[in-house]
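Participant: Could you look at this predicted model? Sequence included:
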Amino acid sequence: MTPDTRPAAPQPHAPAESQDTAPGYAAAQAAYDAAQQDTTMVQCLAPDGSVVREDLLPEPETRLELYRQMRRARHFDERGWVLYRQGRLGVFPPFGGMEASQVGTAAALTKDDWLFPTYRDTGAALTLGLPIARTLAYWRTSPHGWHMPADLKVLPFYIPIATQYPQAVGAALAERRQGTRNVAMAFIGDGGSSEGDFHEALNFAGALNAPCVFILQNNGWAISVPTRAQTRATDLSRRADGYGIPGVRVDGNDALATYHVTREAVERARSGGGPTLIETVTYRVKPHTVADDPSRYRSEADTASWDAKDPVTRLRTHLLNAGLMTEAREAELLAEIAAEFEAALAEADSYPEPTPAEILDHVFAEPTPQLKKQRAEILAEHAAPNQKEQA
Amino acid sequence: MTPDTRPAAPQPHAPAESQDTAPGYAAAQAAYDAAQQDTTMVQCLAPDGSVVREDLLPEPETRLELYRQMRRARHFDERGWVLYRQGRLGVFPPFGGMEASQVGTAAALTKDDWLFPTYRDTGAALTLGLPIARTLAYWRTSPHGWHMPADLKVLPFYIPIATQYPQAVGAALAERRQGTRNVAMAFIGDGGSSEGDFHEALNFAGALNAPCVFILQNNGWAISVPTRAQTRATDLSRRADGYGIPGVRVDGNDALATYHVTREAVERARSGGGPTLIETVTYRVKPHTVADDPSRYRSEADTASWDAKDPVTRLRTHLLNAGLMTEAREAELLAEIAAEFEAALAEADSYPEPTPAEILDHVFAEPTPQLKKQRAEILAEHAAPNQKEQA
Amino acid sequence: MTATATPTGHTGATKTMTMVAAINDALDIALAADDAVHIFGEDVGVMGGVFRATDGLQARYGEERVFDTPLAEAAIVGMGIGMSLAGLKPVAEIQFAGFLYPALDQILSHLGRYRHRTRSRYHLPMVIRAPYGGGVHTPEQHADSPEAILAHTPGVKVVIPSTPADAKGLLLSAINDPDPVFFFEAIKLYRSMKEDVPTGDYRVPIGKARMVTEGDDVTVICYGGMVEVAQKAAAAAAQAGIGVEVIDLRTLVPMDTDTIITSVAKTGRAVIVTEAPRTAGFHSEIAAVIAEEAIEHLRAPIVRVTGFDAPYPPFTAVEDVYRPNPLRVAKAIRQVMDY
Amino acid sequence: MTATATPTGHTGATKTMTMVAAINDALDIALAADDAVHIFGEDVGVMGGVFRATDGLQARYGEERVFDTPLAEAAIVGMGIGMSLAGLKPVAEIQFAGFLYPALDQILSHLGRYRHRTRSRYHLPMVIRAPYGGGVHTPEQHADSPEAILAHTPGVKVVIPSTPADAKGLLLSAINDPDPVFFFEAIKLYRSMKEDVPTGDYRVPIGKARMVTEGDDVTVICYGGMVEVAQKAAAAAAQAGIGVEVIDLRTLVPMDTDTIITSVAKTGRAVIVTEAPRTAGFHSEIAAVIAEEAIEHLRAPIVRVTGFDAPYPPFTAVEDVYRPNPLRVAKAIRQVMDY
Ligand SMILES: Cc1ncc(C[n+]2csc(CCOP(=O)(O)OP(=O)(O)O)c2C)c(N)n1
Ligand SMILES: Cc1ncc(C[n+]2csc(CCOP(=O)(O)OP(=O)(O)O)c2C)c(N)n1
Ligand SMILES: [Mg+2]
Ligand SMILES: [Mg+2]
């Protein structure tokens, strides 16, 4: 072929940024910060708590309830650290600093809706009503942590990344086929959005018009890998365009903004308008899990800048400034939250340990002959385990 | 939560189209046709062969060569049908009508570049130099159809949908790591673009800056499923935005346009600018395979409108009008092409049938003890197969 | 077309059908009986499936109950899991068993674990149908037999019918099972065989093997597409005075170990036939169970007649070398007799 | 920390190492020896891997040779296949064996088939490393043992070391193998054991089992994390005067059948130990091979000591009920002795 030497036609969209080396980690934070300036990011409160979009403010009671839920979540996270250090809770992934992203979104649901959380979304699950005791039980790996209350459609935390997304589409579609107005909400991380399941789910939801709300929590990190190394894209909400569905980018540290955009998405889904992708822009100020040491892959300076954006402080300042909450009322609230938590902890402490043969329960509705035989093997080996313990 | 009754904030992008029922098939063709009108679609020649973008015209020799390759491809497709009916070729997926999409793209490569074709991309493979005889052998399921010539980096046709995409990223990255300017080109269909591998590959290529050119041939159908039921998106090239890479939508029945945009993408990749997604908008005027009966899922009218857009006729008209080719020269060309094909057919006819034990060859460089034993079993059962055949 | 007898024990009305017609009939009955049943997959709606197993069902039950999905197997299974969670009974078709692979994460990570993880708060009454196996010159990578992978996955059942009546009866049992069931259909059998199939809601229980022929000398254990192969070998052996007991497993999980052990206790010889690759196939599980539970009865090695440790050959001229045929089974029968 | 002896037969310099250090050493040597070697996966670069197996390697060999990928296992394997096609030697890490599942399509559809399809025009010298198995209270779904799935996949090798020296020697052999190799590393062994590991380019051949202890009464076949369990059971049996021959398979594909058969011919009794679910595990393949090739020597049933037909329990309090322990193996040894 003869080379064509004529001038190039302009690219229809997304012109190439010439980049001769693979992205290095040094650039990660800078690129990420630049993306924060994105003017399309929906925001209701500025980091200092001042109102930037009066028109988006939810009702006062809603704002107070969002604050209460964020405080409950933060309390769980803070007490969790202590309990972990005391050996009273297993390794868990903290989410402190991401409360607006989890609470503001989940608060837009009712108990008839589905919630598909990842391991990091305790804040979302608690908001929709998952009992604290069960959540503690999960991180203690007690079977009680997996058996969800009958009146809730909150699924147990998803461990294999991204697998919850197609499942949420199925639950949403099933609601629609059964004639309800219920929706399904699924969470995923910036890292998780690289998995194929993310793509397949968004496309299915669009094609089948499933009433799904997809929350993509962009917290800047997937364990040690910064978002910038995860993808060349700087605005993950634009992925929605590729499926013909709405995409929204929201300040993930602003609970009023996350609540607002999620409510819109939920309403659209309920009324037959189909799915929405919401990217909540936030930050994992904490380590990946309580056992992780982030100094192996990032500097303290990375996280420091996010302290000024703390979602709990932001809403607190607004509520105090707006005269919606007094410090005295707040103190009461915190006391209530602490009492609720300690009661839940006591309940979790009371859950019995599983017995050996329980590992073979609940494989099928009716155990197969093979399972019956294996159960007998276990019982023979671990005769009367409860008596042993008592002895 | 108290419902928020304030007015909604405007969506940052991709506002929801309210759609209360799942998309039905009746709407498919209409929506698809509407998308054709998309003004961002790059076009060089109008369907009647007149020039719409003078500035994009490749050199005359290039235009002639593109025509020759499209003719070779069409000849393969047409003769293939006849051979199939005669029982001289197995079931194969025809591609007649998609020549501009396959030839114009592959023509932008050199023999140092990689080509990852699907089962339908014979036109692309032939353009880069895959011998016709081997291609016939593939559709006859002769081992000779899989063993590619040593001087070509054309991989055997991919059957499991979308799997070629991440592999192309790896080949591209390997070239870059080894300091060459070679690129990898991979094909996929509208249906295939729903698979997770599509997403993962585009994201990897962007993040790792792999010199890849991704061709998405949107031919309107995935077997019986129209593009409209495959996805709610109407412009698949916009998926590129979600990965921060350039996306281009091009008239897939205009070989000069496909060639032009692909050359740009190839050049960008060679010079370190990373990957590009190109959606070629075309149509599968033929059945899914020569054994398929499309009347089970679409009407003849669907395809009729595409006859006027035939890519071979379009370029032919242009070449004749522009005085670049005479009818006499064309007749010579067609004769050469026919002769080349018949010689290749004779070569394919000469390939010997595989022997029974060959099914165990090439599993590992060195057969395992298990394979040696199994080979002995086969040899014992099929003693001297060649002699048997001769007898 | 060979015609076999009416299924043993059934006394009601019957109709002569191919396996694919019997499957279509079962799906029709399930859709009519229960609004929760939803059928979906690639090309199952308008076109009625590449093998026509869902032919006519969308026209009868509408685009909501029987529908085409985008081309993505992980999402087909993942969506089905979500539908099950929310109370539906999804029946998904995967176009060929080899295209289940993209969905294996959803299957291994969730489908088999959901009841266990949630202590039965949730269970997944989902059926996944897929054509499997070779013998009919399908294109490359369209003839895989991945049943061992599923059988090794705790929490899912695996059913593989070998006759039209069993296909219907087992499929209706699968759809009515509270737990996930894989239902593999031998492509080779879709249209090659007809038999009288009971009309109406006919069920064959999951977990019970079928005694195809009785005999005192050798037990041949097989399922799906290998049953007719074993039957032919047994017929040839009978000519030579060897009594072969052919056992059609019907379901791999749960496996009917009792029927196998009882037979081997009688014959003292076992031959196992599948078309999957040799190493670590489901045939190996059957052999292991016999070696664990019936060793004292064995008078000869347990012989496996299987595919080989190579990919199913894409070269159709030699495809039949890979897939076990009656001669190979007959040879194995002689081998254990002569031991 | 227990210390075991220097690997048999090696006479050069050694250094005391844990298994994870030995793996890191092998990767270091491979990177230094061959520019074609590239290491990648999730968190393997800057952080050096969640188990620190690639610690320090990016600093030493740069961001092009050792790099983090986006979070997508199918693309990690698929990209590795493409890199192999183009002449590199990719060594990919999958963070936990249970997260291989999204990549199974690339593995089953391509990794094992490429050489066969292309008649050796292309081959894939790729290594996929993954931590596997239980015993250390990892979170839910982090303790799977999927080796049987890979062993059932034609065209890929499967290697599972049980000591630091073997880990090093087998990994260097794997990286230098012209074909794809899965390399599963028992999480339990990463840091629980130290031994003297030969320095420099030390190789242990793929396909040769290791005789761990010799004995005349019972053969115990195992690999990876189960070897130390079997060893403890063998030591207990020795106290009771029972001679146990513990065979560490080291490689499942290709399997060293000769060593197994020779031992069983001597002992007449076989116990097989793995931590994977019971039905259709690799233990079943081992049993099947013995039942096929050594039946005349067997004096007792072949007993499998394995995980159960349930998901690996996410409830750590009872995790050790699932994973075989020395007591269960000892019981099986007694069972075959008393038969
Ligand atoms: C399929 C799969 N691959 C790998 C992992 C291991 N893993 C656990 S969390 C994690 C990072 C996830 O990052 P992101 O999605 O951004 O969520 P975040 O942890 O930041 O909330 C990885 C790689 C996993 N759990 N599942
Ligand atoms: C993973 C996988 N699933 C399903 C199939 C069966 N199949 C073959 S072609 C096809 C449709 C592909 O449509 P598209 O990607 O648009 O390509 P086209 O055939 O139009 O060229 C399907 C479903 C397959 N080959 N691989
Ligand atoms: Mg993250
Ligand atoms: Mg198509």
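Facilitator: Yep, it's here. Ligands and ions are numbered 1, 2, ... in the order given.

Participant: Could you list the low-confidence segments of the chain?
Facilitator: The chain I'm using is chain A. Applying pLDDT under 70 to chain A flags the ranges A:1-39, A:384-391.

Participant: Chain C, not that one
Facilitator: In chain C (pLDDT under 70), the answer is C:1-10.

Participant: any idea how it splits into domains?
Facilitator: Domain assignment of chain C by automatic domain parsing yields the ranges C:14-198, C:210-338.

Participant: all helices for the stretch 51-200 of chain C, in order.
Facilitator: Remark: helices assigned in the stretch 51-200 of chain C by DSSP state H, counting those that start in this stretch are C:57-65, C:73-85, C:104-106, C:114-117, C:147-151, C:164-175.

Participant: Show the contacting residues for the closest residue to chain B within chain A.
Facilitator: Closest contact between chain A and chain B, by CB to the nearest CB, is at A:Gly196 (1.7 Å). The C-beta positions use only the backbone N, C-alpha and C, and glycine is treated the same way. If you count contacts by CB atoms under 8 Å, 6 or more residues apart in numbering or on different chains, A:Gly196 has them with A:162, B:195-200, C:74, C:102, D:72, D:74-75, D:102.

Participant: ok and the residue in the stretch 201-350 of chain A nearest chain D?
Facilitator: Nearest residue of the stretch 201-350 of chain A to chain D: A:Ser224, at 3.7 Å (CB to the nearest CB).

Participant: The lengthiest helix in chain A: how far from the chain's middle?
Facilitator: As assigned by DSSP state H, the longest helix anywhere in chain A is helix A:60-85. Between the centre of helix A:60-85 and the centre of its chain there are 14 Å (CA atoms, centre = their mean, to the nearest Å).

Participant: just how off-centre is the very next helix or strand once past that helix within its chain?
Facilitator: Remark: after helix A:60-85, the chain's next helix or strand is helix A:99-106, criterion DSSP states H and E. Distance of helix A:99-106 from the chain centroid (CA atoms, centre = their mean) equals 8 Å.

Participant: Can you spell out which helices and strands pack onto helix A:99-106?
Facilitator: Judged by 3 or more CB pairs under 8 Å, 6 or more residues apart in numbering or on different chains; DSSP states H and E, helix A:99-106 is in contact with helix A:60-85, helix A:122-128, strand A:184-189, strand A:212-218, helix A:255-270, strand A:276-281, helix A:311-321.

Participant: Between the ones you listed, which one is closest to D:Met255.
Facilitator: strand A:184-189 (40.5 Å; CB to CB).

Participant: quick one, whichever helix or strand comes after that closest one and helix B:196-208 angle?
Facilitator: Counting by DSSP H and E, the next helix or strand C-terminal to strand A:184-189 is helix A:196-208. Counting by axes from the mean of the first three to the mean of the last three CA atoms, to 10 degrees, helix A:196-208 lies at 120 degrees to helix B:196-208.

Participant: Helix A:196-208 vs ligand 2: in contact?
Facilitator: No - on the criterion CB under 6 Å from any ligand atom, helix A:196-208 is out of touch with ligand 2, staying 11.7 Å away.

Participant: who's in contact with the residue lying closest to A:Ala291 once chain neighbours are set aside?
Facilitator: Nearest in space to A:Ala291, with sequence neighbours left out and distances taken as CB to CB, 6 or more residues apart in numbering or on different chains, is A:Val91 at 4.7 Å. For A:Val91, the contact set (CB under 8 Å, 6+ apart) comprises A:Tyr84, A:Trp139, A:Thr289, A:Val290, A:Ala291, D:Pro139.

Participant: who touches the residue in the stretch 51-200 of chain C that chain A sits nearest to in this structure?
Facilitator: Ranking the residues of the stretch 51-200 of chain C by distance to chain A (CB to the nearest CB) places C:Gly82 first, at 2.3 Å. Listed by CB under 8 Å, 6+ apart, the contact partners of C:Gly82 are A:Pro166, A:Gln167, A:Ala168, A:Val169, A:Gly170, A:Ala171, A:Ala172, A:Leu173, A:Ala174, A:Ala184.

Participant: so how far is chain D from the fifth one?
Facilitator: Between A:Gly170 and chain D the computed distance is 18 Å (CB to the nearest CB, to the nearest Å).

Participant: can you count the residues close to the residue of the stretch 101-250 of chain C found nearest chain B?
Facilitator: Relative to chain B, the nearest point of the stretch 101-250 of chain C is C:Gln141 (4.6 Å; CB to the nearest CB). By the criterion of other CB atoms under 10 Å in any protein chain shown, C:Gln141 has 22 neighbours.

Participant: Name the nearest residue to it, sequence neighbours excluded.
Facilitator: B:Ile159 (4.6 Å).

Participant: now do C:Ile23
Facilitator: C:Ala53 (4.9 Å).

Participant: How about residues contacting the helix or strand where C:Ala21 lies?
Facilitator: Secondary structure assignment for C:Ala21, by DSSP H and E: helix C:19-33. Outside helix C:19-33, the residues that touch it by CB under 8 Å, 6+ apart are C:17, C:37, C:39, C:51-57, C:60-61, C:65-66, C:89, C:91, C:129, C:161, C:163-165, C:167-169, C:171-172, C:175-176, C:185-186, C:189-191, C:193, C:197, C:200-201.

Participant: CA-only coordinates of it in PDB, if you can.
Facilitator: The C-alpha coordinates for helix C:19-33 follow below in PDB (Å, rounded to 0.1, in the frame of the first residue of the first chain):
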ATOM      1  CA  MET C  19     -35.200 -35.300  22.000                       C
ATOM      2  CA  VAL C  20     -35.300 -31.700  20.900                       C
ATOM      3  CA  ALA C  21     -39.100 -31.900  20.500                       C
ATOM      4  CA  ALA C  22     -39.300 -33.500  24.000                       C
ATOM      5  CA  ILE C  23     -37.300 -30.700  25.400                       C
ATOM      6  CA  ASN C  24     -39.500 -28.100  23.700                       C
ATOM      7  CA  ASP C  25     -42.500 -29.900  25.100                       C
ATOM      8  CA  ALA C  26     -41.100 -29.800  28.600                       C
ATOM      9  CA  LEU C  27     -40.400 -26.100  28.400                       C
ATOM     10  CA  ASP C  28     -43.900 -25.500  27.000                       C
ATOM     11  CA  ILE C  29     -45.400 -27.300  29.900                       C
ATOM     12  CA  ALA C  30     -43.200 -25.500  32.500                       C
ATOM     13  CA  LEU C  31     -44.100 -22.100  31.000                       C
ATOM     14  CA  ALA C  32     -47.800 -22.900  31.100                       C
ATOM     15  CA  ALA C  33     -47.700 -24.300  34.600                       C
END
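
Participant: Nice, that's everything, thank you.
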